[in-house]
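K.L.:
Please work out how this folds:
(chains A and B)
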Amino acid sequence: MGKAKPARAGRKPPGSQAGARGVKAKPNPNPFEVKVNRQKFQVLGRKTRHDVGLPGVSRARAIKKRTQTLLKEYKEREKSNVFKDRRFGEYNRNMSPEEKMMKRFALEQQRRHEKRSIYNLNEDSELTHRGQSLAEIEKLNDIVDSDSDAEEGGALSAELTATHFGGGAGLLTKSESRESQEPGRARSRRELLEELIAESKLQKRERQAQRENALELTEKLDQDWKEIQMVLPHKTPKADKKEKEKPQPDVYDMRVRELGFEMKAQPSDRMKTEEELAREEQERLTKLEAERLRRMLGKAEDANMKKPKHMSADDLNDGFILDRDDRRLLSYKDGKMNVEEASHAEGSREASGSQSAGEEEEEEEEEEDDSGGEDAEQSDGADSHADLDSNAESEEDPAGPETGSLLTPAERHLGRHWRAQAAVRAELPYTFAAPESYEALRSLLLGRPMDEQLLVMERIQKCNHPSLAAGNKAKLEKLFGFLLDYIGDLAADDPPDLGVIDKLIVQLYKLCQLFPESACDTMRFVLRDAMHDMEEKLEAKGRATFPGLDVLIYLKIVGLLFPTSDFWHPVVTPALVCMSQLLTKCPVLSLQDVIKGLFVCCLFLEYVSLSQRFVPELINFLLGILHIAAPNRPTLGYALVHPFRALGKGSELLLVSNREDVATWQRRSLPLHWANGLKGQTETETNHVRLSCLAVCLALVERCVQLYGSLPAFHHIVQPLRTVLAEHLDLGLPQELQELGQRLVNKLQSQEQRWRPLVCEKSKPVPLKLFTPRLVKVLEFGRKQGSTKEEQERRRLIHKHKREFKGAVREIRKDNQFLARMQLSETMERDAERKRKVKQLFNSLATQEGEWKALKRRKFQR
Amino acid sequence: MDPDRVAAGRGRALGRLLEAVLASRAEANAVFDILAALQSEDPAEIQEAVRICSRLFGALLERGELFVGRLPPEEAVMTGSQGATRKYKVWMRHRYQSCCNRLSELLAHPSFQVQELALGTLMKFVQLEGSHPLEKPKWEGHYLFPFELFKLVVESLLSLEEDRALLLSQFQGYLEYDDIRYHTMKAAAGTVARVTDGRAEVPLPFWNNAFTLLSAVSLPRQEGTTPSLYVKHTEPSDKWKAVNLKEHRKAFQLMWLRFLQHKLPVSLYKKVLVIMHESILPQLAQPTLMMDFLTSAYDVGGAISLLALNGLFILIHKHNLEYPDFYQKLYNLLEASIFHVRYRARFFYLADLFLSSSHLPAYLVAAFAKRLSRLALTAPPEALLMVLPFICNLLRRHPACRVLIHRPQGPELDTDPYDPGEQDPAKSRALESSLWELQALQKHYHPDVSKAASAINQTLCVPEVSIAPLLELTPYEVFEQDLKKKVPEPVPLEFIPASGLLGRREDLCAHYFSLS
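P.N.:
As a prediction, the model looks like this:
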């Protein structure tokens, strides 16, 4: 009760304002009412709220409030009637005041109507005045007749006019002004009224005239409109009609709307010319190539690493890192805060690029050259891709064998089988369900000729295209794995069906392009299997053996499906590790091992041909192959590493056993199926295989030399190769190989290299060690320190509760005092009343007595 | 069914004979029948006979019906005029002797069950003979052990002909007893000495057997625990040699020295060196006696040197061995094969220890760093991931060697001044060179290796990288690490479409390989 006082003080009229604010706003004129609380000493920053008070005023206000509330309650304490507010919707909050009013009004009307209608006999209740209906009078009031004017004199009494026109006050003032205008004539009230009436009638007439004019004009306009209407086309009246009957849309109108909103025929794209198409393709390839280069250099990661690290001022710069720090440095660019991280990283990357050493720049130039060359290659590739597409089309379209003259050899090969394919097509069903298991796919494909297999694969893919049904994506994703297994099986067969694999690769590539993630997972799984097998063999037997052709083909497929030049790639990097294992852990014991090893070397070189990365295992293996092609020597000028031994089993594996076979040897490429087994060969054939292996090995060495010529330690890398070529491998080789060897030696020796001492990149100057000031929260008096937010909140609430409680107790006490005072005054009043009445009684009795005595005295006197 | 019945009948017959012999001395000649069964061809019959023998002589030993003391020759006693009881005891002792001999022969029987049973029986005899000694104690509390019998067992275990690894692993169970262990060591030392004495070529199985037995012996770590004796004695004494740890150590040392003083086959050499630092050196009475063996092994070269390094380290570290040119030899151990041998982790662990001293001269450390980086040019990725931080750690420890990676005003050279053929690290001129090899390895195909090699591009930060977790890195782990990394979205794909297995015509594979 009392607490609300200061809040309400502001709303009160200024006269009753109290409290410090009120005083300040409007100083109280009475200085005796102001109570000033003197401060003993000043405290800076302390807010004083109670230095000045108006105790009298506030007490008076409190008492007033109590009389209004408490006293009323007190007085009605024994009364049992209750006031009930039955106004409609008074306590309904959902209704707005307007609604309430409307409803109430309606109810009131209804009620009145019901009451009145009892006595209303005829339907229309007409109000009458002097026997005339009021409505009639209303209609005719513009007709001014003179006799009514005359009549008015008698009818309008002064009182009447006064009541009708709102009292005479206005009239009086008017008359006064009139008097001031015409001072000579003093007019009576009646005259004044007459004048007024006349005036109003004049006005009425004017209004009437105006209305008539307007009517006339409208009619004329209508006339005009009708005339024009005849001239206007037939459409407008319809539109008019439509406006009238809006709810039903017209058919025509709908048609018009439809036409209006219909998609306009867009201008179609111009057919692109061939140059444009080529250019687009070129651009796309350039973009992809740039992307590839970026990944190759691993720049994305570098850029992330180069991001300036947050460094605390307390950092001792000892390289100690407490934890990963992901704060970003505040940086500015063109005066604006740098928010975008990407642009920032870009900048730093550029900076790092410019910092790189001169050698790297050279390399980059070389790479650019290379990439220029590659562009040409890629355009070739694109062509072949286009050919491929046309090929696919021609396969689909039976009328296209005429294109055969333009086809690549492979396609020509296909074309030769054209008739067979057509026959096949007739036999094969057109739809295939996607196989749910590897066995299902195998049974679908196995036993069919190559063309049919390809066709089946194609149809499976078409029938289960992801856009056709929801589950097709998962089915095709699985198909990739099955196809891979199938290829593995084909490769493991004896003899391996490499022709089919060769064709299936295209399908595999398409599937991979469709579902990169699942293809990636499947390939990783296959690689993991291969590694696992090798690991098991290594643990069981102590040495691994070269895996079958299937693993080699998987590795090759990895290189075909994924970019091999990336700095890190989820499939290619494990594949590289796997290949490194093949070359280091598997001893070379037979010619098959040599062929497999050479194939892996070839793969390695292919993998790194773009990125020009260094592969130590490759050099080691080639060295080993050259070693086993040379006769054993007591002293070597080089060190052999693991799978090869200087002496012992297989140390002369590639040595030609018969000199005469050398002459008959002809250079040829190594058939891959030899990797699965060389059977039934004569000694001469074996020697020829040996020489072929050696030829491939030398060619690979040449590639290596080209590739690594720019490496800083090139001489040390190729040192053993040079030794073995120059000193051990000179006798008894075919002319071709001898020349190749000699050329290699010359190249190795002539390769110039500068030995520039290494220099670290300049490190940034170490910043001075500064010590950031320790920030401590300033102690505030009166506030509880050192606790959590919840605790503080709880304390605050407790404090508030205490204060409120005290206030309430005080209020109750004051209320009681007030009531006691009231009761006392009531009692006093009652007592006074009683005394007064008693006194009155005594008075009357005394008067009676006196009168009686007087009467008696008078009797005596008589 | 038939052979079973025959065997059962034979077993019953032998059992009857046994009862007869034990019941009366008059039936003693039945012992010959029992012993004859030991010579049988049938393993089942032999087993039965062995069991019967075990019961028979076990009972006789317990009854004391065998002659005690030095055994006189049989003919002399039989023809002599001693009492019948003495004659019987001597005679029976001779039968016991022949039984033991036959049992030790049976240890070489082709059937393992027979071997096992014979060994068990012999050990039971050892136990019984120990508690009922067949020789007279020379003084009160004299410790008696049936050493002759036990030596017989050990000698036949260390066969010259065949590998007895299985039986030896059975025998290993007895080595937990202090007395058995002690006498095994003595017997083994004696046997090794006897076998190798005057023989030019000792067969390989003997060495393998001997090594199996020797390596199975392991001494208790500390003295003071109550000795566990196989042969039960009524009043054991602390003064007996068989329960004294010091005596054990002496015997252990003698045994190994006897064993190692001979020229061992290479495979065995490696095995000995592998367990040297853990099982042998700490248990010797005088570890310094191994010095000769270890230094000669260190001089052999190759893997043996690597393995000898561990033992040598203990001698140098704990026993003040002064080894001249140790570092030079260590330097010469660094060969290309070091990254491919099985003991790579152990070698680099030790090399890290040896090179951890900050008092090494800079030329030495530089030579090591240069040599390692030169060898790294042929290393597989898992070794590179270990050796690159190793080299960086060397450079961190020795700031004087930082010229190898940072030589700002150095002149451009025509060749690498480092001489890889030089044996002496002081003359290898490594300090004048730079680690160009690491620069080449920055182009390595494996991203982690490339990153590790790129560490030299920046100034090396102070704290060393711990190579302990990298030591045992296997290629399979490297592979798994790559598989575990998060796959980027989207997976980068080759944009040049594949046209066939071998790629396009200009590809390498298509050049050198063909499909048919």
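
K.L.:
Show me the strands in the stretch 651-800 of chain A, by range?
P.N.:
A:670-671 (DSSP state E, counting those that start in this stretch).

K.L.:
sorry, that was for chain A
P.N.:
Taking DSSP state E to define them, one finds strands in chain A at A:35-36, A:52-53, A:128-129, A:132-133, A:332-333, A:336-337, A:670-671.

K.L.:
which helices and strands sit right next to the last one?
P.N.:
Spelled out, that is strand A:670-671. helix A:591-607, helix A:683-708, strand B:513-514 (3 or more C-beta pairs under 8 Å, 6 or more residues apart in numbering or on different chains; DSSP states H and E). The C-beta positions use only the backbone N, C-alpha and C, and glycine is treated the same way.

K.L.:
Next, count neighbours for B:H317.
P.N.:
For B:H317, the count of nearby residues is 11 (other C-beta atoms under 10 Å in any protein chain shown).

K.L.:
in the stretch 151-300 of chain B, what residue is nearest chain A?
P.N.:
For the stretch 151-300 of chain B and chain A, the shortest gap (C-beta to the nearest C-beta) falls at B:S267, measuring 12.9 Å.

K.L.:
and that residue, which of the three is it?
P.N.:
helix (DSSP: H, G, I helix; E, B strand; the rest coil).

K.L.:
Against B:A188, how distant is it?
P.N.:
Distance, B:S267 to B:A188, by C-beta to C-beta, to the nearest Å: 20 Å.

K.L.:
Counting neighbours, go ahead and name the busier of the two.
P.N.:
B:A188 (26 against 12).

K.L.:
just to revisit the earlier point, wait, which of the helices and strands packed on strand A:670-671 is closest to A:F860?
P.N.:
A:F860 lies closest to helix A:591-607 among these, at 161.6 Å (C-beta to C-beta).

K.L.:
residues in contact with B:E382?
P.N.:
Contact analysis of B:E382 by C-beta atoms under 8 Å, 6 or more residues apart in numbering or on different chains lists B:473-475, B:477-478.

K.L.:
mind redoing it with 7 Å?
P.N.:
Counting by C-beta atoms under 7 Å, 6 or more residues apart in numbering or on different chains, B:E382 makes contact with B:473-475, B:478.

K.L.:
Enumerate the residues of the stretch 451-600 of chain A near chain B.
P.N.:
Residues of the stretch 451-600 of chain A that fall close to chain B, judged by C-beta under 7 Å from any C-beta of the partner chain: A:498-499, A:501-502, A:505-506, A:509, A:512-513, A:516-517, A:520, A:524, A:528, A:531, A:535, A:553, A:556, A:560-563, A:566-570, A:573-574, A:576-578, A:580-581, A:584, A:599.

K.L.:
Mind checking which of those are buried?
P.N.:
A:498, A:501-502, A:505-506, A:509, A:512, A:516, A:520, A:524, A:528, A:531, A:535, A:553, A:556, A:560-563, A:566-570, A:573-574, A:576-578, A:580-581, A:584, A:599 (16 or more other C-beta atoms under 10 Å in any protein chain shown).

K.L.:
these two touch, right, B:L493 and A:F562?
P.N.:
Yes - using C-beta atoms under 7 Å, B:L493 is in contact with A:F562, at 6.4 Å.

K.L.:
quick one: contacts for residue 515?
P.N.:
If you meant another chain, say so; for now it's chain A. A:F515 is in contact with A:476-477, A:480, counting by C-beta under 7 Å, 6+ apart.

K.L.:
look at chain B instead
P.N.:
Neighbouring residues of B:L515 by C-beta under 7 Å, 6+ apart: A:498-499, A:502, A:672, B:501-502.

K.L.:
Out of those, the closest to B:L273 would be?
P.N.:
Distances from B:L273 to those, taken by C-beta to C-beta, are shortest for A:L672, at 45.7 Å.

K.L.:
Give me the distance between the closest one and B:T85.
P.N.:
With C-beta to C-beta as the criterion, A:L672 and B:T85 are 91 Å apart.

K.L.:
So for the two, which residue has more residues nearby?
P.N.:
When A:L672 and B:T85 are compared for neighbours, A:L672 comes out ahead with 25 against 11, by other C-beta under 10 Å.

K.L.:
what's the offset of the strand or helix carrying B:E148 from the middle of its chain?
P.N.:
Counting by DSSP states H and E, the element that carries B:E148 is helix B:147-157. A distance of 22 Å separates the C-alpha centroid of helix B:147-157 from that of its chain, computed with C-alpha atoms, centre = their mean, to the nearest Å.

K.L.:
Tell me the buried residues in that helix?
P.N.:
Neighbour-count burial for helix B:147-157 flags B:149-157 (criterion: 16+ other C-beta under 10 Å).

K.L.:
what are the ranges of the helices in the stretch 351-500 of chain B?
P.N.:
B:362-375, B:381-397, B:436-441, B:447-453, B:468-471, B:475-484 (DSSP state H, counting those that start in this stretch).

K.L.:
Just the buried residues of the second one, please?
P.N.:
This means helix B:381-397. B:381-397.

K.L.:
Need the contact partners of stretch A:583-593.
P.N.:
Residues from elsewhere that reach stretch A:583-593, judged by C-beta under 7 Å, 6+ apart: A:534, A:538, A:543-546, A:594, A:597, A:600, A:617-618, A:621, A:624, A:628, A:642-644, A:649-650, A:653, A:674-675, A:677-678, A:689, B:380.

K.L.:
What residues sit buried inside it?
P.N.:
Neighbour-count burial for stretch A:583-593 [16+ other C-beta under 10 Å]: A:583-588, A:591-593.
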